[in-house]
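Novice: pasted the sequence and its predicted model underneath.
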Amino acid sequence: MGSLSTLRLVNIGLLLFGLITLLCIIAYIGPAKVYDVGANLGPLFIGLMLIPSTVMYMLDGLGWRLTLGQYQTAVPFFRLLMVRTAGEFLNTATPTASVGGEPLKAALLKRFSIPIGEGLASVIVAKTTMTLAQIMYIFLGLALWLFLLGDSPQSRPLPGWTIATTAAALLFGTGLFVVLQQRGLFAVLFSIVDKFPFRIAYLASRREELRSLDTLVAAFYSHRRALFALSAVTFFGGWLMEAAEVYVMLRYLGEPIDVATAISIDALCTLIKGGTFFIPGSVGVQEGGIVLLLKAFGYSDVAGISFALLRRLRELVWMAVGVACFAVLSRGVAARER
């Protein structure tokens, strides 16, 4: 109980740090300047701004559906999107490196008569294909960044080798994770744990369930390789839609932007967000990183913070949608249990 309270206090402290950082950035740039930009954006822009992320969510939902195997048609596509949006709310709102909502997705799939094992297997494989697509997207963004900005250290907030090394480490880690899944992730874990002089009661009591999950995941890699590749391609399309969002936002802010620059900016934004997962919602540090990143591309501080706040607004909209989806799905489960 004490450890949970300490963790909660740490999370609150990190969130407050992020909020203070965000307020300091706005104060430094000038609240009046930021307000003037926001005042010129009407409801039409807000609706237009949400189109790329809506398409992204649909592509991501399709990428996940491809990993459901024989249960692909068990869930209506719109309902699957609701499940995914509810899980993504938890991923965004909690400092869990975007994995906190994955068990929730598998649990919500039970409403559609999908066994928890098959649901968890699909979640694991889908997270893997999405991460592989993300890493390929980051490498594309890095290549475009090197082409667009050249090799001038003054034009970069961080050395290129630092970001390239980070992306390479992510690729290696994801590749290793795929190999472990094929060999049995929990089988490897048990082979290590069994060497300990003590037992972990939670793992020991669920050994058979976890080994069954290993079998389901490994079977997907063995018999559905084409679907694995197609899922990764679909998720890659989702990442490209985030670049379309960058293009739309900066164009509406009156800033010059082209497709290559939009992809590069968004790919590097994903690194910034991923590196600040320990702060709930990456509040403050995400905005600061985006301001520095856009300055490297020649944009003003005002454009940088305005773009960062628009992205935050989009996240808040989808978080609200995620809460609504969870409420609807939970009510449906409760009604069935009565």
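Specialist: Happy to help now that I have it.

Novice: show me what contacts Met130?
Specialist: Contact partners of Met130, counting by C-beta atoms under 8 Å, 6 or more residues apart in numbering, are 60, 63, 232, 235, 238. Where C-beta positions appear, they are placed from N, C-alpha and C, glycine not excepted.

Novice: also Val321?
Specialist: 85, 89 are the contacts of Val321 under C-beta under 8 Å, 6+ apart.

Novice: quick one: the helices in this structure?
Specialist: Under the criterion DSSP state H, helices of the chain are mapped to 2-29, 31-39, 43-65, 77-93, 102-109, 116-149, 160-183, 185-193, 201-205, 207-223, 225-252, 259-275, 285-296, 301-337.

Novice: and these, which one is worst for confidence?
Specialist: The minimum mean pLDDT among the helices of the chain belongs to helix 201-205 (a mean of 56).

Novice: end-to-end on stretch 105-121?
Specialist: Start to finish, the residues bounding stretch 105-121 are 11 Å apart (C-alpha to C-alpha, to the nearest Å).

Novice: how close does Thr54 get to Leu250?
Specialist: Counting by C-beta to C-beta, to the nearest Å, the gap from Thr54 to Leu250 is 19 Å.

Novice: farthest pair in the contacts of Met130?
Specialist: The two members of those with the most space between them (C-beta to C-beta) are Asp60 and Ala232, at 11.7 Å.

Novice: so which of these two has more stuff around it?
Specialist: Shown here are Asp60 and Ala232; by other C-beta atoms under 10 Å, Asp60 has more neighbours (24 against 21).

Novice: hmm, that one is touching Arg84, no?
Specialist: Yes - here Asp60 reaches Arg84: they are 6.6 Å apart, a contact under C-beta atoms under 8 Å.

Novice: intersection of neighbour lists for those two?
Specialist: Common neighbours of Asp60 and Arg84 (C-beta under 8 Å, 6+ apart) do not exist.

Novice: number of nearby residues for the residue nearest to Phe147 when sequence neighbours are not counted?
Specialist: Among residues not flanking Phe147 along the chain, Ala260 sits closest, at 7.5 Å (C-beta to C-beta, 6 or more residues apart in numbering). By other C-beta under 10 Å, 16 other residues sit near Ala260.
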